[in-house]
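> Model the following, please.
(one chain, ligands or ions: 1)
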Amino acid sequence: MSLLSPAEQLRHFQRRQKEIVETIRQLVELESPSDVKQSVDRVGTVLASRFGELGGKIKVHLAEKHGNHLQIDFRARADKRKPILLLGHMDTVYPIGTISKMPCRVSKGKVFGPGVLDMKAGIALAFHAIEGMLAWNDGRLCWPVTLLLVSDEEVGSASSRPVTEKLAHDASAVLVLEPAYGLPGAVKTARKGVGEYTIQITGVAAHSGLDFEKGQSAVIELAHQILKISKLVDTKAGVTLNVGKASGGTRTNVVPATATASIDVRVASASDIKAIDARLKAMKPENPRCSISITGKINRPPLERTEGVATLYGKAREIASQLGWNLEEAAVGGGSDGNFTAALGIPTLDGLGAVGEGAHAEHESVVIEELPRRAALLAGLIATV
Ligand SMILES: [Zn+2]
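Sure, this is the predicted structure:
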């Protein structure tokens, strides 16, 4: 339990605002695209040393293709209690070299840079929240905290998922350092499940002039299938299917023998996963001389607003109100690693990172003035969950 009141904690972070921005800058300037292992590993090494200095015990989960995943454990007075898991990712969507076109800079009260919002600032907030709690608690947290920073979140988390699930399983709650929602800075209490499917059509090629009748167009068949897929959309139930990519054929004078499309599928409720999967996989060709094959799955289950999630939000709201602000909640379409932990039934609150805009875009930025109270919220949650 902290000796400082929430208002005093907030003032602590306000005094540390410059240092928080400097930590963000240090992390942003180390570029870390998901597909460049050695770059992500460099961020991991820097973070291991910084968190190590705070007294965190470092465990590296080796990964072959992507960067290693970094686990940092902080012991505590009440060491028998299950740890709280803080969840973040070190990778970004920006290729190496982006920093020269999009340098990390401070302007009009914001920090700009590749990956600043999603989610280098979230990692910085976790660092300074823990640093603050240690400082005002004589160097020990009230209960154990585990921080997991993965390296492949932006590309689906295939290699980190087992680590995330194992640590979540042993945790009392999961706090996700993904950006807050919108400029009011809402936390995320529901996220859709996300999947990707590919549909492949095989028809029969023929010369479009000499043998038109012998051809069976895979492109026409794909067009029929796309319309059928669009009829599976149910926005009220939170089910969306987006054929985001479609291609087929070789030349204009050839009846196309192949066509393919990629479909982004999102569901709000876990109960829709099986139904959508079954309906997609049962699709039959309109033209019996074409064949279709559909592969894929929902790989991130939805984060549903369970009682556990709502209770966590209630605590966060209470802490925010002590800091003088009304913390809103939001349901969003995008997935995060919080989807995995919530699906295991572990209370999960997402969107506890920085406030800003432009994730994955050129104007990606974080509002500096919001940083102290986000750090105070995080510290408050760690102390009360
Ligand atoms: Zn993210």
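
> near the ion, which residues of the stretch 151-300 of the chain?
Glu178 (CB under 5 Å from the ion). Using the backbone N, CA and C atoms, a C-beta is placed for each residue, glycine as well.

> Strands of the stretch 151-300 of the chain, residue ranges please.
Counting by DSSP state E, counting those that start in this stretch, the stretch 151-300 of the chain has strands at residues 173-176, 187-191, 193-202, 206-207, 240-248, 254-255, 258-267, 291-300.

> same question, the stretch 1-150 of the chain
Using DSSP E, counting those that start in this stretch, strands in the stretch 1-150 of the chain cover 57-61, 69-74, 84-89, 105-107, 110-112, 145-150.

> contact partners of the last one?
This points to strand 145-150. Contacts with strand 145-150, where a contact means CB atoms under 8 Å, 6 or more residues apart in numbering, come from 44, 47, 51, 56, 69-74, 76, 83-91, 123, 126, 130, 157, 160, 163-164, 167, 171, 337, 382.

> quick one: that strand to strand 69-74, angle?
170 degrees (axes from the mean of the first three to the mean of the last three CA atoms, to 10 degrees).

> Check whether strand 145-150 comes near the ion.
No: on the criterion CB under 5 Å from the ion, strand 145-150 is out of touch with the ion, staying 10.1 Å away.

> hmm, back to that, could you single out the most deeply buried of the strands of the stretch 151-300 of the chain?
Compared across those, strand 173-176 shows the largest average neighbour count, a mean of 28 (mean count of other CB atoms under 10 Å).

> follow-up on the earlier one: any chance of TSV for the strands of the stretch 151-300 of the chain, columns distance to Arg11 and mean pLDDT?
What follows is those, written out as TSV (distance: least, CB to CB, whole Å; pLDDT from 0 to 100):
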stretch	distance to Arg11	mean pLDDT
strand 173-176	22	98
strand 187-191	23	98
strand 193-202	40	97
strand 206-207	76	98
strand 240-248	44	97
strand 254-255	72	98
strand 258-267	42	98
strand 291-300	39	96
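
> Output those in a markdown table; the columns should cover distance to Leu117.
Shown next, in a markdown table, are these (distance: least, CB to CB, whole Å):
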| stretch | distance to Leu117 |
| --- | --- |
| strand 173-176 | 14 |
| strand 187-191 | 14 |
| strand 193-202 | 20 |
| strand 206-207 | 52 |
| strand 240-248 | 23 |
| strand 254-255 | 47 |
| strand 258-267 | 22 |
| strand 291-300 | 20 |
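
> Out of those strands, which gets nearest to Pro114?
With distances scored as CB to CB, the stretch of these nearest to Pro114 is strand 173-176 (20.7 Å).

> partners of the closest one, with directions?
Its sheet considered, strand 173-176 pairs with strand 84-89 (parallel), strand 348-349 (parallel) by DSSP bridges.

> Dump the ones you listed to a markdown table, plus distance to the ion and mean pLDDT.
Listed next are the strands paired with strand 173-176 as a markdown table, based on distance: least, CB to the ion, whole Å; pLDDT from 0 to 100:
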| stretch | distance to the ion | mean pLDDT |
| --- | --- | --- |
| strand 84-89 | 6 | 98 |
| strand 348-349 | 15 | 98 |
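
> quick one, what contacts the residue of the stretch 1-150 of the chain found nearest the ion?
Nearest residue of the stretch 1-150 of the chain to the ion: Asp118, at 4.1 Å (CB to the ion). Applying CB under 8 Å, 6+ apart, we find Asp118 in contact with Thr92, Val93, Glu178, Pro179, Gly353, Ala359, His360, Glu364.

> The same query, at a cut-off of 7 Å, please.
Pro179, Ala359, His360 (CB atoms under 7 Å, 6 or more residues apart in numbering).

> Columns mean neighbour count on top of the strands paired with strand 173-176, output as a markdown table?
Converted to a markdown table, these look like this (neighbours: other CB atoms under 10 Å):
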| stretch | mean neighbour count |
| --- | --- |
| strand 84-89 | 27 |
| strand 348-349 | 28 |
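
> closest to Val106 out of the ones you listed?
Across those, Val106 has its closest neighbour in strand 84-89 (22.3 Å, CB to CB).

> Give me the residues contacting stretch 214-223.
Residues contacting stretch 214-223 (CB under 7 Å, 6+ apart): 201-206, 208, 246, 248-249, 255-259, 261, 285-287, 289-290.
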